[in-house]
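Peer 1: Generate a structure from the sequence data that follows.
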Amino acid sequence: MGMFKDLRDITRMGKEMRKDTPMPGMRESIGQMRGMMEDAQTQMAAAELMQDPNARPGTATILAIRDTGMTVNENPSVAFDLQVTDAAGFTYVVTHTQIVSRLQVGAMQPGATVSVMIDPADRNRLAIV
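Peer 2: Numbering: from 1, shown residues only. Next up, the predicted model:
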């Protein structure tokens, strides 16, 4: 009888430990999910900006490009260092993250010029068209 009681106690202790101890890799998974949520919010903001009638058109020269390590629907999230010029001719540098189609990544290399839509309330908020 003692053996079954010990087995039951060990099982109960194991269940209690699982409640208190995160599973291996859980912290990394939560970090990845947080990154995915941030990317989704960025994409939604970019889509809203492109629909905004107050958004101003501009151009940007890509100075640098970095992979963020995140993907959405197998498309990479990319960080760009951009030199932006708005319609009034004002030029500034900004870092911008956006999800880019795998098919377009090759065309978005340093030195390339892209069209952007700029938020008039916050010129650092933009979307690559």
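
Peer 1: all contacts plus neighbour counts: C-alpha atoms, from now on.
Peer 2: Fine.

Peer 1: buried stuff in the strand ranked longest in the chain?
Peer 2: Ranked by number of residues, the top strand in the chain under DSSP state E is strand 56-72. For strand 56-72, the neighbour count (16 or more other C-alpha atoms under 10 Å) marks 56, 57, 58, 59, 60, 61, 62, 63, 64, 65, 70, 71 as buried.

Peer 1: same question, stretch 71-89
Peer 2: Buried-residue list, stretch 71-89, by 16+ other C-alpha under 10 Å: 71, 76, 77, 78, 79, 80, 81, 82, 83, 84, 85, 86.

Peer 1: which two in those residues are spaced the farthest apart?
Peer 2: Maximum pairwise distance in the buried residues of stretch 71-89, criterion C-alpha to C-alpha, is 29.3 Å, between 71 and 86.

Peer 1: quick one on the thing from earlier: just the CA atoms from the longest strand of the chain would do, formatted as CSV, please.
Peer 2: C-alpha atoms of strand 56-72 as CSV (Å, rounded to 0.1, in the frame of the first residue of the first chain):
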residue,chain,number,x,y,z
ARG,A,56,1.2,63.2,-47.2
PRO,A,57,3.2,61.5,-49.9
GLY,A,58,6.9,61.5,-49.9
THR,A,59,10.0,59.5,-51.0
ALA,A,60,12.6,57.7,-49.0
THR,A,61,16.0,56.4,-49.8
ILE,A,62,16.9,53.1,-48.1
LEU,A,63,20.1,53.6,-46.1
ALA,A,64,20.2,50.2,-44.4
ILE,A,65,18.0,47.1,-44.1
ARG,A,66,17.8,44.5,-41.2
ASP,A,67,15.8,41.4,-40.7
THR,A,68,14.0,41.5,-37.4
GLY,A,69,13.7,37.7,-37.2
MET,A,70,9.9,37.8,-37.2
THR,A,71,7.6,36.7,-40.0
VAL,A,72,3.9,37.1,-40.7
